[in-house]
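> I would like to see how this sequence folds:
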Amino acid sequence: MVNRDIELFESPISKKRLLIACLHYFVGYAYVYPMLLMGLWQLFTKEESMPVAMAIALTAIVLVTTVILLWPVYKESWLEFKKDPITNVGYVLIYVVVLIVINIVLSLIIMLITGLDNSANQLAIEEMFFKYPFYVSFSAVVFAPIVEEGIFRGGFFRWFSSKNMIQAYVISSFLFGFLHVYESVFTGNFLDIAFVIVYGGMGVVFANLYHRTDQMISGILLHALYNGISIMLLMML
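Next comes the predicted model:
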């Protein structure tokens, strides 16, 4: 498949639209929307905890609205994916092996350096999975692949590649990695921040697949497959 770097520079979405999508996800979904829902729920019901059904509904709404905001990129990627779906799916199957190997190798390195065998993010997901399996499965296999590929690859990688391809890899992958460890900054769990290398390395793999295939549908499938394998492993525990 011929790569078309020059066309990659010309993003079909504006910076303003990408900024709104980022705020919607990083600020709204991560903090503001849950706090508002929780406040309203406690105000009208006097209950301390919000039902998981509301969390699922919020996740679904943010998923749909993010796709709407970044629709030109999703549409463009789908049209490109359809040109050679067999080859693109083949890349997914190859890259999932690469992703697993990268994760294992980098995790072992971090474990040797820090003594931690898992990130706080992964431990939190595992704990929540056994309480709310459907919610965690939906978030990991549907929500995260679609939204994160749209923002990090269709958004950040696409925009920064217009300046420098190496810069695009570094910035988009670092931001993807930091997304998975940023809470440790606020909790003071500074050793856990080292896992930004693991998640950032995975971000490089996703970015390379996007760069190689000129579309992010393969990345969405790869992301969903990898997270799906992780969920299946959790179910076996």
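> neighbours of residue 41, just the number please.
16 (other C-beta atoms under 10 Å). For every residue, glycine as well, the C-beta is placed using N, CA and C.
> to clarify, my last question referred to residue 219.
So residue 219, with other C-beta under 10 Å, has 30 neighbours.
> and the residue nearest the centre of the chain, how close does it get to residue 180?
Centroid-nearest residue in the chain: residue 148, 3.4 Å away (criterion: C-alpha atoms, centre = their mean). According to C-beta to C-beta, to the nearest Å, residue 148 stands 10 Å off from residue 180.
> measure the nearest residue to residue 189 once chain neighbours are set aside to residue 194 for me?
Nearest non-adjacent residue to residue 189, counting by C-beta to C-beta, 6 or more residues apart in numbering: residue 120, 5.8 Å away. For residue 120, the distance to residue 194 equals 11 Å [C-beta to C-beta].
> and residue 125, what are its phi and psi?
Main-chain torsions, residue 125, degrees, to the nearest 10: phi -60, psi -40.
> that should have said residue 231, apologies.
Dihedral angles (degrees, to the nearest 10) for residue 231: phi -70, psi -40.
> nearest spatial neighbour of it, skipping sequence neighbours?
The spatially closest residue to residue 231, leaving aside those adjacent along the chain, is residue 137, at 5.4 Å (C-beta to C-beta, 6+ apart).
> output the longest helix belonging to this structure.
Longest helix in the chain, counting residues (DSSP state H): helix 85-114.
> same for that one, what does it pack against?
helix 196-213, helix 217-235 (3 or more C-beta pairs under 8 Å, 6 or more residues apart in numbering; DSSP states H and E).
> nearest to residue 53, of those?
Among those, helix 217-235 comes nearest to residue 53, with 19.8 Å by C-beta to C-beta.
> can you list contacts of the closest one?
77-78, 80-81, 88-89, 91-92, 95-96, 99-100, 126, 129-130, 133, 136-137, 140-142, 144-146, 148-149, 153, 205-206, 209-210 (C-beta atoms under 8 Å, 6 or more residues apart in numbering).
> same check on stretch 104-117?
118, 191-192, 194-195, 197-198, 201.
> mind doing that once more with 7 Å?
Stretch 104-117 has contacts (C-beta atoms under 7 Å, 6 or more residues apart in numbering) with 191-192, 194-195, 197-198, 201.
> from what I can see residue 153 touches residue 205, true?
No - taking contacts as C-beta atoms under 7 Å, residue 153 lies outside contact range of residue 205: 10.9 Å.
> who has more neighbours out of these two?
When neighbours are counted by other C-beta under 10 Å, residue 153 comes out ahead of the other of residue 153 and residue 205, with 28 against 21.
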